[in-house]
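> Predicted model follows, preceded by the sequence.
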Amino acid sequence: MHPEHNSGKYIFGFWVYLMTDLIMFAALFAAFAALRISTFGGPTMKEIFDLPQIMIETLILLMSSFTCGLAMLAVFRGKKKLSFLWFGVTFILGLAFLILELSEFRHLINDGQSWTRSAFLSSYFALVGTHGLHIAVGLLWILVGLYQIKTRGLTPFISSKLVRFSLFWHFLDIVWIFIFTFVYLMGVAT
């Protein structure tokens, strides 16, 4: 059977993958919840988080979710150039988010607040870093998708791959909303 005829199976399989990723993130959230007060005499969340920068990161990532949605609308309408454009904008926004996140990590590490400082910081870097790694994988996926759109067009098989990417990207946005709320907002409030 040709791959185009199995796209429903691929999408179902991808949903299964996303659920396993959800379990992994749930475990990381649980570890963070258990270790967030284990500062070992170091700084607390309130002392190290720069909420305005995190808010900018959040807005950028949410905007990338919107542009990803616009790209998928273009895919469903068969608009090759428009889908290429919106996936390109999604890539730029995702890259900006990742650069800001890595900048935040660099700032913390330069201030002596690395993952080796306390259990709280270990769990923080594990949770947020895992999300950032997923964003990096998503950015590579976008580049491959852009190449395939450019060279092969919006075939049913390529469109199916783009649907799976879109699910992945929106999943990462949902995870970030939980990170933003649970880690940053609640951390600064306590």
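Received, thanks.
> What are the buried residues along the biggest helix by length in the chain?
Longest among the helix segments of the chain by residue count, using DSSP state H, is helix 119-152. Residues of helix 119-152 classed as buried: 119-128, 130-132, 134-135, 138-139, 141-142, 145-146, 148-149 (neighbour count, 16 or more other CB atoms under 10 Å). Where C-beta positions appear, they are placed from N, C-alpha and C, glycine not excepted.
> buried residues in the helix or strand where residue 83 lies?
Here residue 83, judged by DSSP states H and E, is contained in helix 80-110. Within helix 80-110, the residues that count as buried by 16+ other CB under 10 Å are 83-84, 86-91, 93-98, 100-101, 104-105, 108.
> and that helix with helix 119-152, angle?
160 degrees (axes from the mean of the first three to the mean of the last three CA atoms, to 10 degrees).
> give the contact list for the closest residue to residue 166 other than its chain neighbours.
Spatial nearest neighbour of residue 166, chain neighbours left out: residue 72 (4.9 Å); criterion: CB to CB, 6 or more residues apart in numbering. By CB atoms under 8 Å, 6 or more residues apart in numbering, the residues touching residue 72 are 83, 162, 163, 166.
> For the first one, which residues are in contact?
So the one you mean is residue 83. Applying CB under 8 Å, 6+ apart, the residues near residue 83 are 71, 72, 74, 75, 149, 154, 162.
> Just among those, which is most surrounded?
residue 71 (28 neighbours; other CB atoms under 10 Å).
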